[in-house]
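**Student:** Just a sequence and a predicted model for now, questions to come.
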Amino acid sequence: ETGVTQSPTHLIKTRGQQVTLRCSSQSGHNTVSWYQQALGQGPQFIFQYYREEENGRGNFPPRFSGLQFPNYSSELNVNALELDDSALYLCASSRTQLAGGPSAGELFFGEGSRLTVL
Amino acid sequence: KNQVEQSPQSLIILEGKNCTLQCNYTVSPFSNLRWYKQDTGRGPVSLTIMTFSENTKSNRRYTATLDADTKQSSLHITASQLSDSASYICVVILMDSNYQLIWGAGTKLIIKP
């Protein structure tokens, strides 16, 4: 158990619809990041939030947006869904990453939200 | 371009056998390297972290190595168990302002009884 919870676990949407995925981070963690993982692929970084502000973004279009709340929980919103958006969406929380420190790059992942777009 | 490449893409071995997974990276500036284990349909879990000065580190039946000169890492699994069936993902942490993570595509390991 990582202490990171995601909801919903599975959902099905149709093209053009919008979806909101939610994540509660581990207690004491102020950084949350979101990843998209297609079947058979490694996770692809979408963006990261630190203290309610986006402080890093991968190669994803603006229709992927997010929020982090004062309690450090987070949402991922995807507008105008496309078939290629079908994937496992992973949320990960972490302490502030310190280069060279023992916690560097240590992410605690939730179980993911499996999105299917028809 | 910062990249992490893993090999083999997939591997099938018999229970009780050993195996070694490879990770090559072209990431700079390098901070640390982590190996994650991901069971099917679940989130990844960190197995070990390798810093620039470390050559080898063991965690139960897992032994990770790092050669910073050749930019290669390996994960050796000893006496494999059925529960080792999973994807193993190599992640390199950049020493930039956001400590960006560069993910490999993973090696899918299947242990057969």
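**Tutor:** Thanks, I have the structure now.
**Student:** In which helix or strand does whichever residue of chain B sits closest to chain A reside?
**Tutor:** Proximity of chain B to chain A (C-beta to the nearest C-beta) peaks at B:G43, 2.9 Å away. C-beta coordinates here come from the backbone N, C-alpha and C atoms, glycine included. Element membership for B:G43 (DSSP states H and E) is empty, with no helix or strand holding it.
**Student:** Phi first, then psi, for the residue nearest to it when sequence neighbours are not counted.
**Tutor:** For B:G43, ignoring the flanking residues on the chain, the nearest one in space by C-beta to C-beta, 6 or more residues apart in numbering or on different chains is A:F109 at 2.9 Å. Main-chain torsions, A:F109, degrees, to the nearest 10: phi -90, psi 150.
**Student:** Could you count how many residues lie near A:F109?
**Tutor:** 24 (other C-beta atoms under 10 Å in any protein chain shown).
**Student:** quick one: pLDDT of it?
**Tutor:** On the pLDDT scale, A:F109 is placed at 93.
**Student:** What is the end-to-end distance of stretch A:5-13?
**Tutor:** 21 Å (C-alpha to C-alpha, to the nearest Å).
**Student:** Next, the buried residues of it.
**Tutor:** A:T5, A:Q6, A:K13 (16 or more other C-beta atoms under 10 Å in any protein chain shown).
**Student:** Going by distance to B:I110, which of those wins?
**Tutor:** A:Q6 (26.5 Å; C-beta to C-beta).
**Student:** you'd agree the closest one is up against A:R114?
**Tutor:** No. Counting by C-beta atoms under 8 Å, A:R114 is not a contact partner of A:Q6; they are 10.0 Å apart.
**Student:** In terms of secondary structure, what does the helix or strand of chain A with the lowest mean pLDDT contact?
**Tutor:** Least confident element among the helices and strands of chain A, by mean pLDDT, DSSP states H and E: strand A:53-57 (a mean of 88). Contact partners of strand A:53-57 among helices and strands, from 3 or more C-beta pairs under 8 Å, 6 or more residues apart in numbering or on different chains; DSSP states H and E: strand A:44-50.
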